[in-house]
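Student: Give me coordinates for this.
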Amino acid sequence: MSMKELIESAEFLVDAQGRKKAVVDVRVWEEIVTLLEDLEDAAEIQQLRDAGEETLNWEQAKIVIQK
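Tutor: This next block holds a predicted model:
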C-alpha cells in the first residue's frame, strides 16, 4: 500500500474540539510506522555513505550477524 493510500484510509478518533487523538485502524497505523522506519533507515544509510562509511545490504548484514 502506498503512503498516499495509507493516509487516505486512516480513520481517527477526535476529541470534542475536533483534534485527532488516535488512529482507529491499527493495521494502517502499523504500516505507517513501518514506512516511517524504512525512511529513517534510508536517511541514516545515506548519511553514512555521504560520510564515506562502508554500508552493507540486508543480505550481507545477515551473513555478518550469523557469524
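
Student: show me what contacts the nearest residue to residue 24 once chain neighbours are set aside?
Tutor: Closest residue to residue 24 apart from its sequence neighbours, by CB to CB, 6 or more residues apart in numbering: residue 11 at 4.2 Å. Backbone N, C-alpha and C define where each C-beta goes, glycine included. Shown in contact with residue 11 (CB atoms under 8 Å, 6 or more residues apart in numbering): 23-25, 28.

Student: For the protein, which segments are assigned as strands?
Tutor: 12-14, 20-23 (DSSP state E).

Student: In CSV: the ones you listed, plus mean neighbour count and mean pLDDT.
Tutor: Listed next are these as CSV, based on neighbours: other CB atoms under 10 Å; pLDDT from 0 to 100:
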stretch, mean neighbour count, mean pLDDT
strand 12-14, 10, 86
strand 20-23, 11, 83
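
Student: TSV please, covering those and showing distance to residue 67.
Tutor: Below are these laid out as TSV (distance: least, CB to CB, whole Å):
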stretch	distance to residue 67
strand 12-14	46
strand 20-23	40
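
Student: Residue 40 is nearest to which of those strands?
Tutor: Judged by CB to CB, the one of the strands of the chain that comes nearest to residue 40 is strand 20-23, at 18.8 Å.
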